[in-house]
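Q: Requesting a structural model of the entry that follows:
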Amino acid sequence: MSRFPLHLDLTGRRVLVVGGGAVAARRIGSLAGALVDVVAPEVVDGFPDVPLQRRAFRDSDVDGAWLVLACTGVVDDAVAAACEQRKVWCVRADDASLSPAWVPAVARVDDVVVSVTAGRDPRRAVGLRDALALALETGDLPLRRSRPGTGSVAVVGGGPGDPGLLTVRARRLLAGADVVVRDRLAPQVELPEGVEVVEVGKTPGGPSWDQRDIEALLVARAQDGKRVVRLKGGDVHVFARGIEEVAACADAGVAFEVVPGISSALAGPTLAGIPVTARGVTQTVSVVTAHLPPGDPGSTVDWDALARLGGTLVLLMAVGRLPAVCDALVAGGRDPSTPVAVVQDASLPTQRTIVTTLADAAADTADVRAPAVVVVGEVVAERHA
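A: Numbers count the residues shown, from 1 in each chain. Take a look at the predicted model:
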């Protein structure tokens, strides 16, 4: 038989695997769509759940098989001879040079399939396959479709601002996006040429997109067959309106997924060297939005209860309302000397941290601008930066 790599689709074809070791288990993982049978006296722990005959190999086992993988290291000569006699393709795991055919190393990332051969050097092919798979996973290779497909929306948390803190899943979705709908505080990410970018960030005290209009945009672009990434700052569901956007997609019958992001409520203190919990210091963390100041009729925050609770208090959207918040906490019983840290532009080159107290925070942070995270509690004294 001639010798060449097998790149054919194995869907629906019968493939016999002889052997039950780690090599056989790994090879089975690359046989997507095939009708796999295994013959082996024993199998390793965690072996794939496929039809298995626990016995020694017989020549007749190869009858009816389109492809046979000999992975025993013991009777591979006999397996190869039986295949040669019956004109069945055989791939030997012990010595590729003796095989009439060989299978590539295969990587599958979403709907992309990459197969690699490397001069009949399996280890080299596997190394290249793993490198390509990683590049696909992390969005370092072009994933964007050139033909229309089924539209979808991915609501993605982008983290505190540094693109390096995006998740691998977020990067992969951005690499394949047709449309990116981004918030003002979402990370700035280099995108493939031709991607439509829509800025829908809400500017404090300035012009802003209406939330219903953002939802309508997501749905409309997805219904046009576009892959849409809704890129938000922080996490999707931490003082954000991700659930409203998800609900709009669900109501419209649009396929969607949600990708968590690193919330600035945790990233900000950590990047400033502050643990939000510390043994012997505090066992509680409360994350609160100060979008509405204490005493505002629309606020549902019980500032007196937070003052009595103690522990660590992390405030988001508190810039401009910090003096009122500090006054409310002191009025509720919190010690005026309680340490306070304000972390501005967490994760960005412009990050800075101001350490003060509840009594002095108003004066010490007068020049702070958004975005900033406020940490109140004894953990601030544990800071190492």
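
Q: Let me see the contact set for residue 281.
A: 378-379, 382 (Cβ atoms under 8 Å, 6 or more residues apart in numbering). C-beta: built from backbone N, CA, C; applies to glycine.

Q: For these, pick the one with the most neighbours.
A: The most crowded member of those, judged by other Cβ atoms under 10 Å, is residue 379 (23 neighbours).

Q: rewinding a little: tabulate the contacts of residue 281 (JSON lines), appending pLDDT, secondary structure and distance to residue 39.
A: JSON lines is the format used below for the contacts of residue 281 (pLDDT from 0 to 100; DSSP: H, G, I helix; E, B strand; the rest coil; distance: Cβ to Cβ, whole Å):
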{"residue": "378", "pLDDT": "97", "secondary structure": "helix", "distance to residue 39": "66"}
{"residue": "379", "pLDDT": "97", "secondary structure": "helix", "distance to residue 39": "61"}
{"residue": "382", "pLDDT": "96", "secondary structure": "helix", "distance to residue 39": "61"}
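
Q: what about the residue sitting furthest away from the middle of the chain, which helix or strand?
A: Residue farthest from the centre of the chain, counting by Cα atoms, centre = their mean, is residue 85 at 49.4 Å. Assigned by DSSP states H and E, residue 85 belongs to helix 76-86.

Q: Next, the residues that contact that helix from outside, please.
A: By Cβ under 8 Å, 6+ apart, the list of residues contacting helix 76-86 from outside reads 1, 18, 57, 59, 61-63, 68, 70, 72, 88-90, 92-95, 98-100.

Q: Now the buried members of those.
A: Buried positions within the contacts of helix 76-86, assessed by neighbour count (16 or more other Cβ atoms under 10 Å), are 18, 57, 61-62, 68, 70, 72, 88-90, 92-94, 99-100.

Q: what is residue 278 paired to in the beta sheet?
A: Following DSSP bridges, residue 278 is listed with bridge partners residue 282.

Q: Quickly note the distance from it to residue 379.
A: 5 Å (Cβ to Cβ, to the nearest Å).

Q: and what of residue 190?
A: Per Cβ to Cβ, residue 190 is found 36 Å from residue 379.

Q: Now the phi/psi pair for the residue lying closest to residue 376 once chain neighbours are set aside, please.
A: Leaving aside its chain neighbours, residue 376 sits nearest to residue 313 (4.1 Å; criterion: Cβ to Cβ, 6 or more residues apart in numbering). Phi and psi for residue 313, reported as degrees, to the nearest 10, are phi -120, psi 120.
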